[in-house]
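1. Sequence first, then the predicted structure, then my questions.
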Amino acid sequence: MILTVWRHGEAGRAPTDRQRELTDTGFDDIGFGCRQVHAALDARDMPAPDLVLFSPWVRTRETAEIITAAFTHARSRELEDLRPGSTVAAVETALGDVCAATPVPAHVVLVSHQPLVSQLVDHYLGGRNPVPPLSPGALVTFTLDAVGRDCGVLRFWAVPPDYEAGI
C-alpha cells in the first residue's frame with residue numbers, strides 16, 4: 001500500500017481551533033501540491049490516491065476536499081483518530097481496519113495536524129526520517145509492506161510553496 005501523510009494547508013483564525021478554515025494561501029498551496037503530487041506519482045508509476053481520510057476539524061476537511069477533487073477516483077471520509085491529541089496507535093488501528101476491507105485501497109492519504117503527522121512519519125520510517133517536521137501543506141509519501149513501525153520506505157516528500165524538495 002502507498003501511504004501519504006499530508007498536513008492540512010495554512011489556516012486562519014477562528015473562535016476555536018477546531019473551526020479554523022484554510023486561508024487563500026492554504027487553498028492555493030494544496031491545489032498546487034496536488035498537481036505536483038500527481039506528476040510525482042506518474043513519474044514513479046505509482047497509483048493515485050483512492051482513499052482520503054481526514055480529521056473532523058474544518059481545515060483538514062477543506063484540505064481533503066481539494067485532494068479528492070484533484071484525484072477524482074478518490075473517496076474520502078472523516079476519521080476521528082486523526083484529530084489533534086490522537087495517537088499513532090489509534091491511527092495504526094484505523095489503518096489496520098482499512099487494510100482489512102475489501103477492496104484494499106492502493107493509496108491512502110491521511111490529512112491531519114502536528115505533531116501527529118510527523119509522529120506518523122517517524123513511526124512508519126522507523127526514526128530514519130530524512131524529512132523535516134511537516135509545515136502546513138507539507139506531505140510525505142511512502143510504501144508500506146505492512147501497517148507497523150519501521151515498515152515504510154520513503155518515496156518522496158514535498159513542502160509548499162514549490163513542492164519540489166524530495167520529489
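-> That came through fine. Treat the numbers as computed from the prediction; the structure is a model and nothing was measured.
2. all contacts plus neighbour counts: C-alpha atoms, from now on.
-> Will do.
3. Hmm, Pro84 is touching Val117, no?
-> No - shown here, Pro84 and Val117 do not form a contact pair, counting by CA atoms under 8 Å, at 9.9 Å.
4. higher neighbour count, these two?
-> Val117 (26 against 18; other CA atoms under 10 Å).
5. Can you check my assumption that that one lies in a helix?
-> Yes - judged by DSSP: H, G, I helix; E, B strand; the rest coil, Val117 forms part of a helix.
6. quick one: it and Arg7 touch, right?
-> Yes - the criterion here is CA under 8 Å, and Val117 meets it with Arg7 at 6.4 Å.
7. Low-confidence ranges, this protein, go.
-> 128-129, 165, 167 (pLDDT under 70).
8. could you pull out the strands for it?
-> Ranges of strands in the chain, per DSSP state E, are 2-7, 51-54, 75-78, 107-112, 139-144, 152-158.
9. Buried ones in the longest one, by neighbour count?
-> For strand 152-158, burial by neighbour count (16 or more other CA atoms under 10 Å) applies to Gly152, Val153, Leu154, Arg155, Phe156, Trp157, Ala158.
10. ditto for stretch 32-50
-> Applying 16+ other CA under 10 Å to stretch 32-50 flags Phe32, Gly33, Cys34, Gln36, Val37, His38, Ala40, Leu41, Ala48, Pro49, Asp50 as buried.
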